[in-house]
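Visitor: okay, sequence plus prediction incoming.
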Amino acid sequence: MTAFAGIGSIVGVIIFIVCAIKESSTTGLYKFFGVYGRLKAYLFIDMVGAGIAMIVSAFIPGLDLEYSPIMMVLIGVVCLAIGILIYITTALKCPAGLKSRLLISMIISGLGIAMKIVVFFLFFVWKIYGPQEMVTSSGETVYRIGSDIYDASGNRLGHMNGADTFIIDPCRP
């Protein structure tokens, strides 16, 4: 059991570090389109995590709990419901082009923020990388985030190539 816990801890720390690295660009994309910011992502991951932890801990024998197991389950269900409501309200505001990645992105943002709060609480880590505005040859304004190109509605249109120009996918909506 001890070796398993040690490996699990190492894997968990690696996941948190990767999320902390990816948090700024992930949150920046969704913040630009008005979907969610750091606080909402953090509250989402916090409520879901706390809810699951409280429900699971209510069923572990031998724990010296401050509350009864029934109360722990009830509080856990309330926390979990708040987390789910945060996700649902966020999904309702999300553009169609970003909805398929919303849950994973909120998890990355939430875990990344938690890691930054715990370990790095430095201002240079908190910089949000927003999109770079670009104009196509036809005069359409598009937004570059990383190597992807998006329209104003959050739909992915194409990608950057190596010559510092972008390619619009031929099958764009």
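Guide: Good, I have the coordinates.

Visitor: could you pull out the strands in this structure for me?
Guide: When assigned using DSSP state E, the strands of the chain occupy the ranges 132-135, 141-145, 148-150, 156-160, 166-168.

Visitor: among the ones you listed, which is nearest Leu39?
Guide: Proximity to Leu39, assessed across the strands of the chain by CB to CB, is greatest for strand 141-145 (20.8 Å). Quick note: C-beta positions are derived from backbone N, CA and C, even for glycine.

Visitor: next, the buried residues of the closest one.
Guide: 142-145 (16 or more other CB atoms under 10 Å).

Visitor: next, give me the two most distant ones among those residues.
Guide: Longest span within the buried residues of strand 141-145, CB to CB: Val142 and Ile145, 10.3 Å.

Visitor: how about stretch 47-58: buried residues?
Guide: Applying a neighbour-count criterion of 16+ other CB under 10 Å, one finds 47-51, 54-55, 58 buried in stretch 47-58.

Visitor: cool, and stretch 92-105?
Guide: 94-95, 97-98, 102, 105.

Visitor: the worst-scoring helix or strand of the chain on mean pLDDT pairs with which strands, and in what direction?
Guide: Lowest by mean pLDDT, DSSP states H and E among the helices and strands of the chain is strand 166-168, with a mean of 71. Within its sheet, strand 166-168 is paired with strand 156-160 (antiparallel), according to DSSP bridges.

Visitor: OK, contacts around the most centrally placed residue in the chain?
Guide: Closest residue to the average C-alpha location of the chain: Met106 at 2.3 Å, with CA atoms, centre = their mean. By CB atoms under 8 Å, 6 or more residues apart in numbering, Met106 lies in contact with 36, 41, 44-45, 87, 90.

Visitor: report the buried members of these.
Guide: Listed as buried from the contacts of Met106 are 36, 41, 44-45, 87, 90; burial here means 16+ other CB under 10 Å.

Visitor: out of those, which sit inside helices?
Guide: Using DSSP state H, the subset of the buried ones among the contacts of Met106 located in helices is 41, 44-45, 87, 90.
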